[in-house]
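Undergrad: just need the structure, nothing else, for what follows:
(2 chains)
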Amino acid sequence: MTNWTRGQGQPPKSNAITDVACPFCGLVCDDLELARDETGIKVTKNGCEKAIAGFERNVDGAKPQVAGRDVDLGVAIQTATELIRKAALPLYGGLGTDVDGIRAVMALADKSGGVVDHALSEGQYRNFRVLQTRGWIMTTLTETRNRADFFIVVGSDIQKLHPRFFERIVTVEQSLLSETPPKRTVVFIGRGLDQSAVTGPRIGDVITLPCDVDRVGEVVAALAAEIRGAPLAQETVAGVPLADIKALAERCRAASYPVFVWAPPSLAFPNADLVVSTVSDLVKDLNVSGRAAGLALGGNEGAISAGAVSSWQSGYPLRVSFASGKPDYDFLRYAIPRMLANGEGDLLLWLASFTPDLGPPATKIPTIVLGTPGLKLASPPAVFIPIGTPGADHAGRIIRVDNVVSLPLKNLGRSNLPKASDVLGAIELAL
Amino acid sequence: MLIKFTGGTVYDPLNGVNGEVRDIYAKDGRIVATPAPGTRIDAEYALNGRVVMAGAIDPHSHIGGGKVTIGRMLLPEDHQGHEVARTELLRSGCGHAVPSTMTTGYRYAEMGYTAAFEPAMLPANARQAHLEMGDTPMIDKGAFVMLGNDDFFLRALSQKKDFSFIKDYIAWTMHAAQALAVKIVNPGGISAFKFNQRQLDLDERHEFYGLTPRDIILTLARGMKELGVPHPIHIHGCNLGVPGSMYSTLATIRAAEGLPLHLTHIQFHSYGTEGDMKFSSGAPQIAELLNQTPNVSIDIGQIMFGQTCTASGDSMRQYGNTKSANPKKWVVMDIECDNGCGVVPMKYRDKSYVNALQWAIGLELFLLVRDPWRIFLTTDHPNGAPFYFYPHLIRLLMDRTFRNEMLEKLHPAAQAATILKSLDREYTLYDIAIMTRAGPAKSLGLRDRGHLGTGAIADITVYEDNADREAMFKTPLFVFKSGEMIVKNGRVVKVVAGATHVARPDYDPGIEKSLREYFDRYHTVKLDNFRVSDQEIVDSNCGHTGGECGCVIVQPCGPRTS
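TA: Predicted coordinates for the structure are as follows:
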């Protein structure tokens, strides 16, 4: 197999590395500066806590293991191959990897008749269900950075998921549309959302509609009703005065490019897809006479790449079974958490190459883990193969949260850990 | 390895061969001259009575990039029932309106096609477009990069930057995005929609930049010519799908003032406003003008009846089309101060007056435009119909009786509103070879594709000479890619990767100073990360599925002029 890491992906000679793309959240900021010396990698500029934790981690010394004992990589691959060959329904989960990694997962799942699902699918499906039933009007990071004059954050703690979102998209002082761009208003729907980064000369009003996060649906439904000209006849909605919602509706209509921002993983309550649906519909309503757009965030742990590659190769955004030889899609049935809970599937292959937090779920079925060293494991899996992190240990490519931009990830030469795609490719060949 | 293709009836318009019985030889992937007598032939295919053409080339098919994948995600119900099982050789997949990537590649090859070109690659989405094309095996690929709605270009034009600056930017973008040509979609209109303008006719001004679509088209048309890029500016004009769009199309053709233009999916821009329904055919007037305008080429974007999904960069017009969405769900996006997109499922019905007339308008254009070298066979996949309707479309063009039978099934008012029945023309095999091979290859600057002369790549399709032309073109007997048999009796027998074609006009690297400042100040991606490297494309073509390693083929440009 070819390896395009020869060439641009060679470990850099100088110890200062610029324009580094960071794969540790869905934003994939690519303006980081790093320094590398014999002690490891230091993030020297534009790093958030996720970037520092991700790049500066020590991954040395991890060895492939079978049943908790160190083995050669070849033995680990052979054992994994045997387990997959014996399995009637292998489950391919986690899927924290880059485009080439997910390509290799798809090829292996197709060949072995397995199921593919990403660890963060539950959040992504709050969006996919709306896409597949109603559709939406969306925007992207650069468009928002330059064009938006009004931000409405819907029940999402964006600062926690994406520590540089406000800095890079909202509080930026320059816009290509004006030398003196107007101040921006930022509205938070939901109580307790971190607003600390929403400061600076570009920021005008910061408004909070303080409802419980699991009740944002009620507030956005009231807002949608106002915008549609069918106001509610009550004084408060989820504790928020209706007058405040009316005022927000007015400002949405008056803005030239309001952007509704949500992060599906934050909307962690039942039927949260209905919130996404309501927001998407009210954005459509605003577009009848003006312009407005949605911007969905999230997409950490390579989730966007997994959804996209699965869609272009199989037709469906994950939760696909290849057991029949054809792609069979059912986003309820082929949710790996549900399958594990119900004793479906007889082998779990778990792939997590970015953060050590994405450990596999507890299960009685044999588990093969392709993981970044230090990955949280409740018990030693049948096979553990330490793999590199795309963008730190080897080169790669990853699709950003807006589903439009993809970025090249550099080989920083942090370790010699193998690429997930190479390990999976070797298993597929041997199968 | 020397291969002999013996006794086939050859249609090779670029070499003036019209249905002559000839032997063809191929060695090491290319067509070679007749070898000296006594030379050892390693393999021979007896093709007596069979029709031999170069592999077909689709110059406009949405096969890769974000909006196609949005279409795939949007329509699970359209895939269900159209799944394709894995075999020892082939990956599983699915597909009706928007097939999965591997299935797309297999289907193209099984239909005798050896190349297809993605016509709407956003610079901001170029990497993903190449990733998807890299997962589309069997055929050669390439893409046209979209310019003319990006803020960098519109700023430069409104600030009246030197024309060489604009040309440098066009050429830089082609390099960075790995493009073969440049496309404009709704010139200025995608950007204008972001400022809440809802239409932008040829001479209407973009509110913010003060430019008109005419300014943008002429700038890019002149830019392409002076950069020496073989394919002229590829234009998806103003007012897609709007009754009355024929007038902006006529005006655009006249606006060219002799500059080469390619007007794409012109069917969607050929509507008048006559009659009770205020929707009529503009095909006769447009064809008449095209017949007098040798600098303009077109492709049709024929519609076919049934379910499909429209996917376009034209966010402004696609937003307008959302009222016809079927099923009622759709996506519109504003993208990266670069472009936009609109994905709207569509079900064309033969009992709908408008849809029936759209079908007739496409066919009128095919039959009224006389020069097959300037008209290419497309459905604007998947916008008018999925690409695998081409054999049916070829039969409609070649078989007047069949065409008229189809016409009689349509909405009666549409039958009355079209002159189709009075058009006797039937395309010949030679015409079909021009519009599906020679013409696109010549227009795109693919010098060693689309013909069977010495030195050409041995991409060869062999058909049974079946009177039912739909059956004939649907199931070729053999397809050879670079001299290797990849399809037999309409089934893939070998998986190959296919190459990516690009063009790289010269530019002054000094342009990067302005671009770098712009990216650093306004963008969320760094200039050096925006650029797609050759190695990424080679890698894209080299998965673990038994495909051969693809490569990047740089098609030559002419000299830069001013």
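
Undergrad: packing partners of the helix or strand harbouring residue B:3?
TA: Using DSSP states H and E, residue B:3 sits within strand B:2-12. Under the contact definition 3 or more Cβ pairs under 8 Å, 6 or more residues apart in numbering or on different chains; DSSP states H and E, strand B:2-12 sits against strand B:17-27, strand B:43-46, strand B:50-54, helix B:429-433, strand B:460-464. Heads up, the C-betas are built off the backbone N, CA and C, glycines and all.

Undergrad: tell me the most buried of these?
TA: Of those, the one with the most neighbours on average (mean count of other Cβ atoms under 10 Å in any protein chain shown) is strand B:50-54, at a mean of 26.

Undergrad: check which helix or strand covers residue B:168.
TA: Here residue B:168 is covered by helix B:163-177, with elements defined by DSSP H and E.

Undergrad: can you check what angle separates whichever helix or strand comes after that helix from helix B:163-177?
TA: Note on helix B:163-177: by DSSP H and E, the next helix or strand toward the C-terminus is strand B:181-185. Angle of strand B:181-185 versus helix B:163-177, following axes from the mean of the first three to the mean of the last three Cα atoms, to 10 degrees, is 100 degrees.

Undergrad: pLDDT on strand B:181-185, on average?
TA: Over the span of strand B:181-185, the pLDDT mean works out to 98.

Undergrad: mind listing the strands that strand pairs with, and their directions?
TA: Strand B:181-185 has its sheet partners listed here by DSSP bridges as strand B:141-146 (parallel), strand B:233-236 (parallel).

Undergrad: where does pLDDT dip in the stretch 151-300 of chain A?
TA: Low-confidence segments of the stretch 151-300 of chain A (pLDDT under 70): none present.

Undergrad: show me what contacts residue A:187?
TA: Residue A:187 makes contact with A:150, A:151, A:152, A:153, A:206, A:207, A:208, A:209, A:248, A:251, according to Cβ atoms under 8 Å, 6 or more residues apart in numbering or on different chains.

Undergrad: and the closest residue to residue B:297 other than its chain neighbours, backbone torsions?
TA: In this structure, residue B:297 finds its nearest non-sequential neighbour in residue B:374, 4.1 Å apart by Cβ to Cβ, 6 or more residues apart in numbering or on different chains. With angles defined as degrees, to the nearest 10, residue B:374 sits at phi -120, psi 20.

Undergrad: I'd guessed residue B:73 sits against residue A:132; true?
TA: Yes: Residue B:73 lies in contact with residue A:132 (Cβ atoms under 8 Å); the separation is 7.1 Å.

Undergrad: quick one, which of the two is more surrounded?
TA: Each of residue B:73 and residue A:132 has its neighbours counted (other Cβ atoms under 10 Å in any protein chain shown); residue B:73 has more, 24 against 19.

Undergrad: in which helix or strand does that one reside?
TA: Assigned by DSSP H and E, residue B:73 belongs to helix B:66-74.

Undergrad: tell me which helix or strand of chain B sits lowest on mean pLDDT?
TA: Within chain B, no helix or strand scores below helix B:534-540, which has a mean of 75 by mean pLDDT, DSSP states H and E.

Undergrad: and the spatially most central residue of chain A, what does it touch?
TA: Compute the mean C-alpha point of chain A, and by Cα atoms, centre = their mean the closest residue is residue A:299, 1.4 Å away. Taking Cβ under 8 Å, 6+ apart, we find residue A:299 in contact with A:25, A:26, A:120, A:124, A:400, A:401.

Undergrad: for it, helix, strand, or coil?
TA: Under DSSP: H, G, I helix; E, B strand; the rest coil, residue A:299 falls in the coil class.

Undergrad: and it, what are its phi and psi?
TA: Here residue A:299 shows phi and psi, under degrees, to the nearest 10, equal to phi 70, psi 30.

Undergrad: and for residue A:352?
TA: The phi/psi pair for residue A:352 (degrees, to the nearest 10) reads phi -150, psi 100.

Undergrad: name the residues of the strand holding residue B:3 that are buried.
TA: Within strand B:2-12, the residues scored as buried using 16 or more other Cβ atoms under 10 Å in any protein chain shown are B:2, B:3, B:4, B:5, B:7, B:8, B:9, B:10, B:11, B:12.

Undergrad: hmm, back to that, what is the helix holding residue B:73 packed up against?
TA: With contacts taken as 3+ Cβ pairs under 8 Å, 6+ apart, helix B:66-74 sits against helix A:121-133, helix A:303-314, helix B:126-134, strand B:306-312, strand B:330-335, strand B:339-348.

Undergrad: residues in the stretch 151-300 of chain B within reach of chain A, list them.
TA: By Cβ under 8 Å from any Cβ of the partner chain, the residues of the stretch 151-300 of chain B that approach chain A are B:151, B:155, B:193, B:194, B:195, B:196, B:208.

Undergrad: pull the most distant pair out of these.
TA: Pairwise distances across those (Cβ to Cβ) peak at 19.2 Å, for the pair B:155 and B:196.

Undergrad: how many other residues sit next to the closest residue in space to residue B:470 that isn't next to it in sequence?
TA: Ranked by Cβ to Cβ, 6+ apart and with sequence neighbours excluded, the top spatial neighbour of residue B:470 is residue B:395, at 3.9 Å. Per other Cβ under 10 Å, the neighbour tally for residue B:395 reads 20.

Undergrad: my read: residue B:395 touches residue B:469, true?
TA: Yes: using Cβ under 8 Å, residue B:395 makes contact with residue B:469 at a distance of 4.5 Å.

Undergrad: hang on, the earlier thing: buried stuff in the helix holding residue B:168?
TA: B:165-177.

Undergrad: go on, stretch A:302-309?
TA: When burial is assessed from 16+ other Cβ under 10 Å, stretch A:302-309 yields the following buried residues: A:302, A:303, A:304, A:305, A:306, A:307, A:308, A:309.

Undergrad: what's near enough to touch the residue lying closest to residue B:167 once chain neighbours are set aside?
TA: Leaving aside its sequence neighbours, residue B:167 sits nearest to residue B:223 (Cβ to Cβ, 6+ apart; 5.1 Å). Counting by Cβ under 8 Å, 6+ apart, residue B:223 touches B:163, B:166, B:167, B:170, B:182, B:233.

Undergrad: same deal with residue B:436?
TA: By Cβ under 8 Å, 6+ apart, the contact set of residue B:436 is B:53, B:56, B:57, B:58, B:376, B:377, B:390, B:394.

Undergrad: ok, 6 Å please
TA: B:56, B:377 (Cβ atoms under 6 Å, 6 or more residues apart in numbering or on different chains).

Undergrad: quickly check: the helix or strand harbouring residue A:142 near chain B or not.
TA: Under the criterion of DSSP H and E, residue A:142 resides in helix A:141-147. Yes: Helix A:141-147 is in contact with chain B by Cβ under 6 Å from any Cβ of the partner chain, via A:141, A:142, A:143, A:146.

Undergrad: repeat that for stretch A:405-424.
TA: Yes: counting by Cβ under 6 Å from any Cβ, chain B is contacted by stretch A:405-424 at A:405, A:406, A:407, A:408.

Undergrad: dump the C-alpha coordinates for that stretch into PDB.
TA: Extracted in PDB, the C-alpha atoms of stretch A:405-424 (Å, rounded to 0.1, in the frame of the first residue of the first chain):
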ATOM      1  CA  VAL A 405     -13.700  21.900   4.800                       C
ATOM      2  CA  SER A 406     -11.200  19.100   5.300                       C
ATOM      3  CA  LEU A 407      -7.700  19.600   6.500                       C
ATOM      4  CA  PRO A 408      -4.400  17.800   6.100                       C
ATOM      5  CA  LEU A 409      -2.900  16.600   9.400                       C
ATOM      6  CA  LYS A 410       0.800  16.600   9.800                       C
ATOM      7  CA  ASN A 411       3.200  13.900  10.800                       C
ATOM      8  CA  LEU A 412       4.800  15.500  13.800                       C
ATOM      9  CA  GLY A 413       7.000  12.500  14.400                       C
ATOM     10  CA  ARG A 414       5.800  12.100  18.000                       C
ATOM     11  CA  SER A 415       6.100   8.300  17.900                       C
ATOM     12  CA  ASN A 416       6.400   5.400  15.500                       C
ATOM     13  CA  LEU A 417       3.000   4.000  16.300                       C
ATOM     14  CA  PRO A 418       1.300   2.500  13.300                       C
ATOM     15  CA  LYS A 419      -1.600   4.100  11.500                       C
ATOM     16  CA  ALA A 420      -5.000   2.600  12.200                       C
ATOM     17  CA  SER A 421      -5.500   2.300   8.400                       C
ATOM     18  CA  ASP A 422      -2.400   0.200   8.000                       C
ATOM     19  CA  VAL A 423      -3.300  -2.200  10.800                       C
ATOM     20  CA  LEU A 424      -6.900  -2.500   9.500                       C
END
